[in-house]
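[1] pasting a predicted model and its sequence here:
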Amino acid sequence: MIDLPAADRHHLLVTGATGLLGSYLVRDLLLDGQPLAVVVRRSRRESPEARVERLVARWEHELGKRLPRPRVFAGDLTKPRCGLADADLDWIGRHCSGLLHNAASLSFRGSDRAAEPWLSNVTGVANMLAVVRAADLEHLHHVSTAYVCGLRIGTVAEDDLMVGQDFGNDYERSKVEAEAMVRAAEGPATTTIYRPSIIVGDSHTGFTSTYHGLFAVLRLGHTLQTKVALGTTSGPALLRLLGIDPANHKNFVPVDWVSEVIAHCVQRPEARGRTFHVTHPEPVSNVAIGTLVQEAVERFSRAASPDDPQRCDEQWFADNLAAQLDVYRSYFRNDPTFDRTNTEAVAGHLPCPTLDHPRLMRMARFAIDEDFGRAPRLSPRAVGAVPGAASSPAG
């Protein structure tokens, strides 16, 4: 048991700091003056310290101001106690009052519980909770997902969890199990849950570093345009091919707003112990998604030439698409209504930016320019505004 005055435990320990949402959380919390410690894995090319330095330096370049450096711990969520040494846990116990657990796998499929998404989302949560107990951390903040609701319809309350619902994929199953573990955990004085819906790019710049959900359908349209000589791509026709009902709606939220809300709530005592649906009050229709895909690929993707030696034939696309159909169908089902009572009460002064066509086009252009993560990484401001796009700031 760590016996240290609370006033001396100023740091917040963060996992998942190098991911899309995590990088924005690091930025927003540092800007608020919140001292941070982060648990980061070594990558193939960089040490944990180098990864965090690159992240913070990028934000300094964008913001034009100096930011404090987090304390960096080399760790691995999939290992016992997240791979942290006794000396690491001693430092964390002496300097950290809470933990913001943001790391997760976004894999949809996985029947093997020793692999993803179960390895990160369930085993990783158990390892994270062992750190909370070992360091005697007082406050636990856990980033879950709004899709713990599974296949429910109607209105989903913020405190609902397991109510007998069915699920669309293994990601949802793993996140429900993880949230149940967090809620039942002994040790922390308060446990706060954040449930974002589908996180997309930055509402100002379009920047993203992950290409799931909305971007997966956009990538299919882009592939049609650049790899298969089928003429003009039809976004609505693509949705029909995928079996996506145009009458359905999906709940997308820009990453900068999700970070703003979570960073605000983490630092507010009145938010502790609550569950927050960090969701958009105005979901996007699948009709709008189809229109977006068609216009984006026609404007920003290079059409395939019939004599291009790299061009693929229609059978190639059909074979690749067949393996993905069930994933897309379950993913683009109609979303329920997410109750936002707690979010409005604590963070109602931070309205979610409207995801109108110009903003979504800005995100689509960024993804296509980046070749969906295969091109050299652009800075968040490198794309700029799409001609005619709205430029009003969030909130």
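    Right, received. Where do you want to start? Residues are numbered from 1 along each chain as shown.
[2] list the contacts of residue 155.
    336-339 (Cβ atoms under 8 Å, 6 or more residues apart in numbering). Just so you know, the C-beta spots here come from the backbone N, C-alpha and C atoms, and that holds for glycine as well.
[3] pLDDT, secondary structure and distance to residue 225 for those - can I get that in a markdown table?
    Putting the contacts of residue 155 into a markdown table (pLDDT from 0 to 100; DSSP: H, G, I helix; E, B strand; the rest coil; distance: Cβ to Cβ, whole Å) gives the following:
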| residue | pLDDT | secondary structure | distance to residue 225 |
| --- | --- | --- | --- |
| 336 | 97 | coil | 33 |
| 337 | 98 | strand | 35 |
| 338 | 98 | strand | 34 |
| 339 | 98 | coil | 40 |
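[4] out of these, who's the most crowded?
    Tallying neighbours with other Cβ atoms under 10 Å puts residue 338 at the head of the contacts of residue 155, with 22 neighbours.
[5] any idea what it is bridged to?
    With DSSP bridges applied, residue 338 shows beta-bridge pairing to residue 156.
[6] mind listing what it touches?
    Residue 338 neighbours (Cβ under 8 Å, 6+ apart): 146, 149, 155-156, 158, 195, 197, 251, 277, 279.
[7] so which of those residues sit within strands?
    Secondary-structure check on these using DSSP state E: residues within strands are 155-156, 195, 277.
[8] what is the nearest of those residues to residue 49?
    Nearest to residue 49 among the ones in strands among the contacts of residue 338: residue 195, at 31.8 Å, using Cβ to Cβ.
[9] ok so residue 104 is a strand residue?
    No. Per DSSP: H, G, I helix; E, B strand; the rest coil, residue 104 lies outside any strand segment and is coil.
[10] quick one: distance of stretch 197-204 to the chain centre.
    Stretch 197-204 has its C-alpha centroid displaced from the chain centroid by 8 Å (Cα atoms, centre = their mean, to the nearest Å).
[11] now the contacts of residue 338 in a markdown table, with pLDDT?
    Shown next, in a markdown table, are the contacts of residue 338 (pLDDT from 0 to 100):
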| residue | pLDDT |
| --- | --- |
| 146 | 98 |
| 149 | 98 |
| 155 | 98 |
| 156 | 98 |
| 158 | 98 |
| 195 | 98 |
| 197 | 98 |
| 251 | 97 |
| 277 | 98 |
| 279 | 98 |
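[12] what's the closest of those residues to residue 74?
    For these, the nearest to residue 74 is residue 195 (29.6 Å; Cβ to Cβ).
[13] circling back: any chance of a markdown table for the contacts of residue 155, columns distance to residue 72?
    As requested, the contacts of residue 155 are arranged in a markdown table below (distance: Cβ to Cβ, whole Å):
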| residue | distance to residue 72 |
| --- | --- |
| 336 | 40 |
| 337 | 41 |
| 338 | 35 |
| 339 | 38 |
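[14] between which two of the ones in strands among the contacts of residue 338 is the distance greatest?
    Using Cβ to Cβ, the two most remote members of the ones in strands among the contacts of residue 338 are 155 and 195, lying 14.1 Å apart.
[15] the helix or strand containing residue 50: what's the following helix or strand?
    Assigned by DSSP states H and E, residue 50 belongs to helix 48-63. Using DSSP H and E, the helix or strand that follows helix 48-63 in sequence is strand 71-74.
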